[in-house]
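Sharing a model that was predicted from the sequence below.
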Amino acid sequence: MSAVNPSDLSRSALFAGLSESDQRVVASWLDVGEFDPGYKLTHEGASGYAFFVLHDGTADVIRGGNVVRTLGAGDFFGELSMLGDGRQTATVTITAPSTVWTMFGTRFRELQQQHPKIAAAIEKVAAERVSPQ
């Protein structure tokens, strides 16, 4: 399994506001996975235990059987279930060979305890996604 290059984190809005040293910390806590088209990373209504960042490739966000958005490099998802009520709000299906970074909830809880400033920055970006405009 390969490691995340900390400088690549700035490509995602979730991590772009972090300092270089904070990006190094976060990079060390992310798992890297390679996925083929058709693989479902999340399932609408299922329990959520991680958030994901699409490093490269594409994926469709599906709600109620309809594609509501296509994700590309730097997009993130899954954080709402991990930080919210624990349920995934959509199915995310890989549509092109993709590299995905994952932080599981247990690791995020450790991040909250050991590096609360970093965790708060991630939570702030996630909260902005659901706030009324």
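Received the coordinates, thanks.

helix or strand for the residue most central in space within the chain, which one?
Central residue of the chain (Cα atoms, centre = their mean): F52, 2.5 Å from the mean position. Using DSSP states H and E, F52 sits in strand 50-63.

can you pull out the strands in this structure?
31-35, 40-42, 50-63, 66-71, 76-77, 91-104 (DSSP state E).

Run the angle between the fourth one and strand 91-104 for me.
Okay, so that is strand 66-71. Per axes from the mean of the first three to the mean of the last three Cα atoms, to 10 degrees, the angle that strand 66-71 makes with strand 91-104 is 50 degrees.

Tell me which strands strand 66-71 pairs with, and in which orientation.
Partner strands for strand 66-71, per DSSP bridges, with pairing direction: strand 50-63 (antiparallel).

For the partner strand, list every residue counted as buried.
Using 16 or more other Cβ atoms under 10 Å as the test for burial, strand 50-63 gives A50, F51, F52, V53, L54, H55, G57, T58, A59, D60, V61, I62. C-beta coordinates here come from the backbone N, C-alpha and C atoms, glycine included.

Could you do stretch 7-26 as well?
D8, L9, R11, S12, L14, F15, L18, D22, Q23, V26.

Among these, which one sits closest to T93?
S12 (19.7 Å; Cβ to Cβ).

Please compute how far the top helix by length along the chain lies from its chain's middle.
Secondary structure assigned by DSSP state H gives helix 116-130 as the longest helix of the chain. Chain-centre distance of helix 116-130: 12 Å, with Cα atoms, centre = their mean, to the nearest Å.

who's in contact with S10?
S10 makes contacts with A16, Q23, as judged by Cβ atoms under 8 Å, 6 or more residues apart in numbering.

quick one: it from F35, how far?
S10 is 23 Å from F35, where distance means Cβ to Cβ, to the nearest Å.

Repeat that for N5.
N5 is 19 Å from F35, by Cβ to Cβ.

So the two - more neighbours on which side?
The residue with more neighbours, out of N5 and F35, is F35; 19 against 11, by other Cβ atoms under 10 Å.
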